[in-house]
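A.B. asks: Have a look at this prediction, sequence included:
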Amino acid sequence: MAEATNQSGTVSRFGLALVVTIALFWSAIAFVPPGLLHADEAVQWSLAKELSEGTPYSTHQDKFHGPTLATALLISAKATGTAPMDMSEDYLRSVVSVFLGLMAASVLILPGVDKGPRYVTAAFIVLTGGCTPFGYYYVQEMLLVTGFVWGVALWMRAEGSPPTSRWWLLSGAAFGFALACKVTAAAYLVFFLLALVLLRQFVPDRRWLRFGFGLVASWALFQSVGFTDAPGLKTWWVQLARSLGVASGRSEDTLYAESLAPWGWAAVWLAVFALARSGLARAGWRTRHAADLPCLVAGLVFLFHLALPYKTPWLLLAVFSLPLTLALPYLLVGGAGRMAALAFGLIVVTGMAKGPLSSHSRTEGLGFFNQSVEAVAKAYGPKFYVAVEGGHYWPLPYYLRRYPVGYGDFPQAAKAPLRLIPAHDDSRPFVPGYVALGPLSLRADHEIDRYWVLVAKGYESGFLVQK
């Protein structure tokens with residue numbers, strides 16, 4: 001790899017140990033286990049549950065998310081003998097933590113860098129959860145970014161190899177896995193190819209055939225759930241067309257940014273790598289560097305999401321992960337002071353960004369609610385059931401999974417022992433035969449997704465939702 005030969009400086013073992021020490025210290029004081037499931041996490045559980053019951057992915061109402069995370073969960077369920085109904089929040093997130101480890105392992109194949117920086121980078125990623133709050137969340141983006149990072153890493157490993165090398169095929173296969181995770185990966189792939197045009201000399205040879213074959217074959221395999229759901233291939237294209245409307249703000253599903261703070265911190269994150277790359281020296285920018293490819297791709301992805309109206313913090317995972325995983329090993333060159341400054345800068349940025357990044361779709365109010373529902377169910381007996389009117393927000397199917405639940409309008413809803421009705425304002429409803437409690441807020445810092453909890457009279461004692 002041409003860029004690797006332009007690295008200069010020596011690697012300080014003391015400096016590497018210092019970087020790991022900083023990461024250990026940061027993880028000890030800053031790591032907070034995720035609490036209740038986010039809406040985005042709970043919808044992935046619902047997809048896996050319905051797949052386990054025989055519902056094809058291509059007919060699922062939330063097929064906008066790819067099938068890979070649900071498939072991984074079902075494989076884990078088979079291996080551990082755990083039914084989807086018995087999966088705790090920690091169990092779900094442990095499945096994703098495997099992919100965090102896989103992303104960290106991608107640094108081990110990077111060429112032109114000593115083993116020490118590679119091992120230290122892998123340890124740094126695991127200890128800090130990828131320097132984002134998303135490292136352990138049960139969301140599709142973690143799998144997408146892992147596949148994409150592996151695709152770029154395998155390409156970097158393949159450079160300099162003959163067109164017949166298996167590395168080109170494997171790189172395409174990793175990108176294909178990312179495409180099956182979510183259609184957003186299609187844009188990321190375009191930016192990767194654009195970065196190659198800007199940084200490399202394009203040579204049309206047989207390596208592109210091997211790369212393309214690996215990409216298409218891998219995408220088809222994972223998108224069709226092991227070729228068991230062929231309509232899932234068509235679903236991907238339908239969702240790609242849908243995503244254009246969502247991302248451009250022309251869909252009712254578009255989510256606009258409540259704050260641009262996450263994007264501001266992502267820009268600072270990229271700036272830290274830019275400074276580590278050049279050291280504020282013009283001469284540093286005149287030479288090719290191994291860190292340029294992943295950093296340029298991350299920068300293009302950042303600008304892409306910054307420009308589009310649709311914004312959720314999950315979209316910044318690739319921006320944080322690409323340079324951290326594939327550029328940091330090449331930047332851990334020099335004395336202990338330089339490496340410690342770099343590690344300190346990264347940890348300061350991720351520490352300051354943690355709050356804004358973790359604010360998306362936080363679930364609120366369900367802790368006491370869960371305990372109360374269990375108490376009412378035990379008191380009421382085997383005929384207990386729940387009615388949720390006016391649709392439902394995604395955490396509810398997970399947290400009410402052990403009880404008979406009806407969503408929307410159905411004949412027995414008016415007689416349910418426990419009813420949830422939308423709270424459009426603070427006017428407490430009066431319903432004969434019920435005590436109105438709440439309102440129950442399912443989403444932090446939002447006036448939407450609130451419900452009045454109607455408990456059949458005689459069973460309201462001990463219910464922990466505010467009266």
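C.D. replies: Good, I have the coordinates.
A.B. asks: can you give me the helices for the stretch 1-150 of the chain?
C.D. replies: Using DSSP state H, counting those that start in this stretch, the helices of the stretch 1-150 of the chain run over residues 13-30, 39-52, 68-80, 89-105, 115-127, 140-158.
A.B. asks: out of these, nearest to Ala180?
C.D. replies: helix 68-80 (5.4 Å; CB to CB). Every C-beta, even on glycine, is put in place using the N, C-alpha and C of the backbone.
A.B. asks: Run the angle between that closest one and helix 89-105 for me.
C.D. replies: Computed by axes from the mean of the first three to the mean of the last three CA atoms, to 10 degrees, the angle separating helix 68-80 from helix 89-105 equals 110 degrees.
A.B. asks: who touches helix 68-80?
C.D. replies: Contact with helix 68-80 is made by 44-45, 47-48, 51-52, 57, 82-84, 87, 92, 95-96, 98-99, 138-140, 143, 177, 180-181, 222, 225-226, as judged by CB atoms under 8 Å, 6 or more residues apart in numbering.
A.B. asks: now do stretch 240-252
C.D. replies: By CB under 8 Å, 6+ apart, stretch 240-252 touches Phe64, Val183, Thr184, Ala186, Asp253, Thr254, Tyr256, Leu308, Pro309, Tyr310.
A.B. asks: Assign Arg401 to helix, strand or coil.
C.D. replies: When classified by DSSP: H, G, I helix; E, B strand; the rest coil, Arg401 comes out as coil.
A.B. asks: what's the pLDDT at it?
C.D. replies: Arg401 is assigned 90 on the pLDDT scale.
A.B. asks: ok, it - how many residues close by?
C.D. replies: 16 (other CB atoms under 10 Å).
A.B. asks: any idea how far Phe430 is from the residue nearest to it when sequence neighbours are not counted?
C.D. replies: Of all residues not flanking Arg401 in the chain, Met85 sits nearest, at 5.6 Å (CB to CB, 6 or more residues apart in numbering). Distance of Met85 to Phe430, given as CB to CB, to the nearest Å: 36 Å.
A.B. asks: related to what we said a few turns ago, and the helices of the stretch 1-150 of the chain, which is most packed in?
C.D. replies: Among the helices of the stretch 1-150 of the chain, helix 140-158 has the highest mean neighbour count (mean count of other CB atoms under 10 Å), at a mean of 26.
A.B. asks: Looks like Pro439 contacts Ala423 (just checking).
C.D. replies: Yes. Under the criterion of CB atoms under 8 Å, Pro439 makes contact with Ala423 at 3.9 Å.
A.B. asks: got any residues that touch both of the two?
C.D. replies: Joint contacts of Pro439 and Ala423 (CB under 8 Å, 6+ apart) are Arg450, Tyr451, Trp452.
A.B. asks: and the first one, bridged to which residues?
C.D. replies: Spelled out, that is Arg450. Ser441 (DSSP bridges).
A.B. asks: give me the number of residues near it?
C.D. replies: 21.
A.B. asks: what's it in contact with, if anything?
C.D. replies: Neighbours of Arg450 in contact, by CB under 8 Å, 6+ apart: Pro422, Ala423, Gly438, Pro439, Leu440, Ser441, Leu442.
A.B. asks: Dihedrals phi and psi, Tyr434?
C.D. replies: Reported as degrees, to the nearest 10, the phi and psi values for Tyr434 are phi -130, psi 160.
A.B. asks: Quick check: nearest residue in space to it, chain neighbours excluded?
C.D. replies: Leu454 (4.1 Å).
A.B. asks: State the mean pLDDT of the helix or strand that neighbour falls within.
C.D. replies: Leu454 belongs to strand 450-456 when assigned by DSSP states H and E. Throughout strand 450-456, pLDDT has a mean value of 89.
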